[in-house]
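S.K.: Quick one: sequence plus predicted model below, questions after.
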Amino acid sequence: MATIVDYVRSANEGFDRRPLGRVDSLCLSWLAYLRLPEELEAACGEGVRLSRLADDEARHRLVATMHDADETMRMLDALAASPRFAGVRVGGCLADSSDEPVRQFAGMTFSLPDGGGTYVSFRGTDDTVLGWKENFRLVSDEPVASQVSAAAYLNRVGRVATGPLYVGGHSKGGNLAVYACGMVRDGVRSRIETCFSHDGPGLNPQLVELTGWQGDVAIDKTVPRESLVGMLFERSQGGLTIVRSTAQGPRQHAPLSWEVSGDDFVCERGLDYDAWRLSQRLNDWLEAMGARDCACFAELLSWLLDVTGETTFSGLLRRWSMNSAAMREALAAAPVEDRTLFERVMGDLVATVALGSAQEHARPEAGTPEAAGTAARRVEDLSAHVDDRLSRIDRYLGL
């Protein structure tokens, strides 16, 4: 089946004939993971054509830290040769990482040829432990540092960008895009055509309420059939586009596995039912934990990662036996309140995933608001089950 690399190779129409769509967005949001050499990053003030990125002699440095590096190299070659993408210019490159406050942020701005407008892309989680430490804080009811940076970046770009304005990102980048679009100045927000979130976590409802986030921007959210990351804080499949993937399980998070037909994704009727149940149980667990415990647990996890001395997530996993032993030893010597919190939260997680949550098994009294909420959950669950079966039939029939 065709992937986004195949799409780029076959895309011949200019942006004047076919405006930027969700597949174009995924291609450009994936480029936000590139690590630009200093000479190219400096040149981005004026804008660098994508064809130059592909022709750069040291282009292997661009993809050195990326997943699917070889396939990304093929994408760069395809972009350089594409009538649709070769004239796209990348500029405004900003990467900012810090330990205090914890921040792993990067943004890029793509100027589209043929009057196509401007696309602002935010990087998702990279391979740094720092990035994962910030991820833990996304469950908070307060904005994380990268969300604040994303809104400030979009405000700056929006003041000078011409033509249609699009915003997007993959994974955490999608979360940043959605948050930024709802927090920018009215004059910028009113010019945003579409905000694209590609398997990005949703926003904590408490964060939305407390920050005054504005939800009047059109959000196009795509998730793969076995999505987990993108279903965090999502209580319904309504409004989501479910994408078919060539991968299985968590590997579907990688966008180079998403299937394309023509100028759009191959879409499914619904999520895999097991993935749906798991995502809802994780959301129940997060909701039951409460804001204070979420914040404390995120800090505790960050401290345990620091104990290992690892700077990359791949290194953490590669030496997992040694690193997990170091974390267990540190936790055993931690204050009793930290150990108690860790054991309680992890115990609740295991019980919720394995057995279901209290919300899932609730039998509230008829006629109460709780009963209405329970009924709505069961209808949503039944709908997810039916859509999963219909998706399996579609695949069996080759549709």
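M.R.: Looks like it came in fine.
S.K.: State the number of residues packed around the closest residue to residue 206 other than its chain neighbours.
M.R.: Distances taken as Cβ to Cβ, 6 or more residues apart in numbering place residue 141 nearest to residue 206, at 3.7 Å, with adjacent residues excluded. To be clear about C-beta, it is placed using only N, CA and C from the backbone, and glycine gets the same treatment. By other Cβ atoms under 10 Å, the residues close to residue 141 number 17.
S.K.: go on, residue 104?
M.R.: 25.
S.K.: Would you double-check that it falls in a helix?
M.R.: No. Counting by DSSP: H, G, I helix; E, B strand; the rest coil, residue 104 is located in no helix; its state is strand.
S.K.: Report the secondary structure state of the closest residue to it other than its chain neighbours.
M.R.: The shortest distance from residue 104 to any non-neighbouring residue, by Cβ to Cβ, 6+ apart, is to residue 131 (3.8 Å). Classification of residue 131 by three-state DSSP places it in helix.
S.K.: So for residue 131, what pLDDT did the model give?
M.R.: On pLDDT, residue 131 comes in at 89.
S.K.: What of residue 363?
M.R.: So, for residue 363, pLDDT stands at 66.
S.K.: Likewise for residue 116?
M.R.: On the pLDDT scale, residue 116 gets 94.
S.K.: Am I right that it is in contact with residue 18?
M.R.: No. Residue 116 is beyond contact range of residue 18, at 9.2 Å (criterion: Cβ atoms under 8 Å).
S.K.: Looking at the two, which is more packed in?
M.R.: Between residue 116 and residue 18, counted using other Cβ under 10 Å, residue 116 has the larger neighbour count: 23 against 15.
S.K.: Just give the closest residue to that one, not the sequence neighbours.
M.R.: Distance criterion Cβ to Cβ, 6+ apart; nearest residue to residue 116, sequence neighbours excluded, is residue 15 at 2.7 Å.
S.K.: how far away is the one you found from residue 241?
M.R.: Look at residue 15 and residue 241: by Cβ to Cβ, to the nearest Å, they are 21 Å apart.
S.K.: Neighbour count for the two, which is higher?
M.R.: Comparing residue 15 with residue 241 by other Cβ under 10 Å, the one with more neighbours is residue 15, at 22 against 15.
S.K.: List the buried residues for stretch 253-262?
M.R.: Within stretch 253-262, the residues scored as buried using 16 or more other Cβ atoms under 10 Å are 253-260.
S.K.: any chance of these in CSV, with distance to residue 182 and pLDDT too?
M.R.: What follows is those, written out as CSV (distance: Cβ to Cβ, whole Å; pLDDT from 0 to 100):
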residue, distance to residue 182, pLDDT
253, 24, 95
254, 27, 93
255, 23, 93
256, 29, 93
257, 29, 95
258, 26, 97
259, 30, 97
260, 29, 97
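S.K.: rewinding a little: doesn't residue 103 make contact with the residue nearest to residue 104?
M.R.: No. Residue 131 lies out of contact with residue 103 (Cβ under 8 Å); the separation is 9.3 Å.
S.K.: quick one, which of those two is more surrounded?
M.R.: Shown here are residue 131 and residue 103; by other Cβ under 10 Å, residue 131 has more neighbours (23 against 19).
S.K.: these two touch, right, residue 286 and residue 293?
M.R.: No. Using Cβ under 8 Å, residue 286 makes no contact with residue 293, being 9.9 Å away.
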